[in-house]
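Engineer: please work out how this folds:
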Amino acid sequence: MQRIIVGVSGASGAPYGVRLLELLASRGDVETHLIVSRAGEKTVFQETGLKLADLKEKATFIHSVDAIGASVASGSFLAHGMVIAPCSVHTMSAIASGNTSNLLTRAADVNLKERRPLILMVRESPFHLGHLRTMAALAEMGAIIAPPLPAFYHRPKSVDEIVTHSAQRVMDLLGLPLDEAARWSGE
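Structural biologist: Sure thing, here's the model as predicted:
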C-alpha cells in the first residue's frame with residue numbers, strides 16, 4: 001500500500017485536487033492522507049460545490065490543517081510522496097521559506113527533508129520574478145514544480161478531460177501511472 005499525502009490550498013483549481021483524490025482511490029493500492037487549508041476549503045466549495053465532509057469520502061484519512069502533531073508531520077511517517085493540488089503562491093512561499101506553521105506546510109517540509117517527492121501544482125499566472133525565484137529555490141530543494149498546464153494532443157472535449165489529464169501526469173510523477181492515461185504516441 002502506497003501512502004500519498006494530498007494537500008489542497010486556496011488557489012483556484014480545486015478540481016485538480018478532487019480529481020487527483022479520485023484517481024488515487026481508483027488504484028486500490030493507495031492510502032491517501034488529505035490536508036485542506038482553510039482557504040482551500042472555501043475554494044473547493046466555490047469551484048465544485050463540495051464541502052469538507054464530501055472530501056472525507058474521497059480520502060482514506062483527513063487531517064486538520066491545525067493538527068500540527070498529526071502522523072504526517074513526522075519523517076517517521078513513511079509516505080511515498082506529497083502533492084499540493086492546487087498550490088497557492090502563499091503556500092509555495094511558506095514551504096520555500098521553511099514556514100511550518102500549519103500541517104500543510106509542515107508535511108511538505110518533511111517530504112523535502114526526507115527526500116520524498118513533493119509535487120506542487122502551482123496555480124498562478126502570470127508569474128513575477130519573485131514567484132520564479134521561489135520556484136527555482138524549491139526545485140533546488142528537490143520539489144517538483146508542476147503547474148497544471150493543459151495539453152491538447154489528446155483532443156479534450158471538456159474541462160473535466162483537461163483536469164483529468166493534468167492529474168494523470170501527476171500520477172506519473174508519483175510513479176503511479178494509470179493505464180487509461182492519454183499519452184503522446186508520436187506523429
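Engineer: who does H33 bridge with?
Structural biologist: Taking DSSP bridges as the rule, H33 bridges to I5, F61.
Engineer: so it sits against I4, correct?
Structural biologist: Yes. Counting by CB atoms under 8 Å, H33 touches I4, with 7.2 Å between them. C-beta here means a position set from N, CA and C on the backbone, and glycine is covered the same way.
Engineer: out of those two, which sits in the busier spot?
Structural biologist: For H33 and I4, the more surrounded residue by other CB atoms under 10 Å is I4, and the numbers stand at 26 against 22.
Engineer: the more buried one and M82 touch, don't they?
Structural biologist: Yes. Contact criterion CB under 8 Å: I4 and M82 qualify, at 7.1 Å.
Engineer: now do the residue lying farthest from the centre of the chain against Y153, distance only.
Structural biologist: The centre of the chain is farthest from one residue, E187, which by CA atoms, centre = their mean lies 31.5 Å away. According to CB to CB, to the nearest Å, E187 stands 10 Å off from Y153.
Engineer: how about L120, nearest residue that isn't a chain neighbour?
Structural biologist: Excluding the flanking residues, the one nearest L120 by CB to CB, 6 or more residues apart in numbering is C87, at 4.2 Å.
Engineer: bridging residues for the one residue sitting closest to the centre of the chain?
Structural biologist: Centroid-nearest residue in the chain, with CA atoms, centre = their mean: I84, separated by 2.4 Å. Taking DSSP bridges as the rule, I84 bridges to G7, L120.
Engineer: what about the strands in the protein?
Structural biologist: Secondary structure of the chain (DSSP state E): strands located at 2-8, 30-36, 61-64, 81-87, 118-122, 144-145.
Engineer: those: which one's closest to A73?
Structural biologist: A73 sits nearest to strand 61-64 of all the strands of the chain, at 8.6 Å, using CB to CB.
Engineer: who touches the closest one?
Structural biologist: Contact with strand 61-64 is made by 31-36, 52, 55-56, 70-72, 103, as judged by CB atoms under 8 Å, 6 or more residues apart in numbering.
Engineer: just the buried ones from those residues?
Structural biologist: For those, a burial check counting by 16 or more other CB atoms under 10 Å picks out E31, T32, H33, L34, I35, V36, L55, A70, S71, V72, L103.
Engineer: pretty sure the first one is touching V6, no?
Structural biologist: No. E31 sits out of contact with V6 when judged by CB under 8 Å, with a separation of 10.9 Å.
Engineer: what is the neighbour count of the closest residue to R116 other than its chain neighbours?
Structural biologist: In space, and not counting its chain neighbours, R116 is closest to G81: 5.1 Å by CB to CB, 6+ apart. Neighbourhood size, G81 [other CB under 10 Å]: 21.
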